[in-house]
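> Sequence first, predicted coordinates after that:
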Amino acid sequence: MTDSNLPPQGTASGQPQQPYTPAAPGAPLSPAEDKQWASFAHFGGVLSFVPPLIIWLIFKDRGSLTNQEGKESLNFQITIAIAHVANLILGSILTVVTFGLWGFAQVLISTALWVVGIVLAIIGGIKVNGGGTYRYPFALRLIK
């Protein structure tokens, strides 16, 4: 298709251009939806920090419970991710220094972190779904 075959655009065709209007923010969540998304933020932590991050970014302005619990879940999942990275780095160094003996301990620590992350995420989701709130026993409060 050549330029001469294209329909005229904008003001040259005699049609006024529409001004840009930003998208309207989403409607506030109902209490049931707020509780549902807040619990999903915790349950999503079973996968990684990505689901709580997405839920918090999308729904933080639409529901106060989702904002609070999304931040809590996200902070905990970021803490677990940092612990995994630290275990990988320190464990690799210690494994070399101890001629491989530390490798077994590193695997145990990594497995323990994984299990603790899943169990606490499920507990958090169940508590929030039951109508309460949940504060993880340990988490870096990076997002306030």
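Ah, there it is.

> Now do the helices in the chain.
31-43, 50-59, 64-97, 102-129 (DSSP state H).

> what's near enough to touch residue 40?
Applying CB atoms under 8 Å, 6 or more residues apart in numbering to residue 40 gives the contacts 51, 55, 125. Glycine gets a C-beta too; all of them are placed from N, C-alpha and C.

> Excluding sequence neighbours, find me the nearest residue to the second one.
Spatial nearest neighbour of residue 55, chain neighbours left out: residue 41 (4.5 Å); criterion: CB to CB, 6 or more residues apart in numbering.

> Below-threshold pLDDT in the chain: ranges please.
The model of the chain has pLDDT under 70 over residues 1-15, 21-25.

> Enumerate the positions of stretch 44-53 that are buried.
44-45, 49, 51-53 (16 or more other CB atoms under 10 Å).

> one step back: turn the helices of the chain into TSV, including distance to residue 139.
Listed next are the helices of the chain as TSV, based on distance: least, CB to CB, whole Å:
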stretch	distance to residue 139
helix 31-43	12
helix 50-59	12
helix 64-97	4
helix 102-129	9
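
> Identify, out of the ones you listed, the most deeply packed stretch.
Of all those, helix 31-43 carries the top mean neighbour count, a mean of 21, counting by mean count of other CB atoms under 10 Å.

> Give me the angle between that one and helix 50-59.
Here helix 31-43 runs at an angle of 150 degrees relative to helix 50-59 (axes from the mean of the first three to the mean of the last three CA atoms, to 10 degrees).

> ok now helix 31-43, how far from the chain's centre?
Centroid displacement of helix 31-43 relative to its chain, using CA atoms, centre = their mean, to the nearest Å, is 13 Å.

> Report the inter-axis angle for it versus helix 64-97.
Angle, helix 31-43 to helix 64-97, by the same axes, to 10 degrees: 0 degrees.

> Only the C-alpha atoms, please, for helix 31-43, written as CSV.
Only the C-alpha atoms of helix 31-43 are listed here, as CSV (Å, rounded to 0.1, in the frame of the first residue of the first chain):
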residue,chain,number,x,y,z
PRO,A,31,-14.8,-5.6,50.8
ALA,A,32,-15.1,-9.2,49.5
GLU,A,33,-12.9,-8.4,46.5
ASP,A,34,-10.4,-6.6,48.7
LYS,A,35,-10.1,-9.7,51.0
GLN,A,36,-9.9,-12.0,47.9
TRP,A,37,-7.0,-10.1,46.3
ALA,A,38,-5.2,-9.6,49.6
SER,A,39,-5.3,-13.4,50.1
PHE,A,40,-4.2,-14.0,46.5
ALA,A,41,-1.2,-11.8,47.2
HIS,A,42,-0.1,-14.2,49.9
PHE,A,43,-1.0,-17.3,48.0
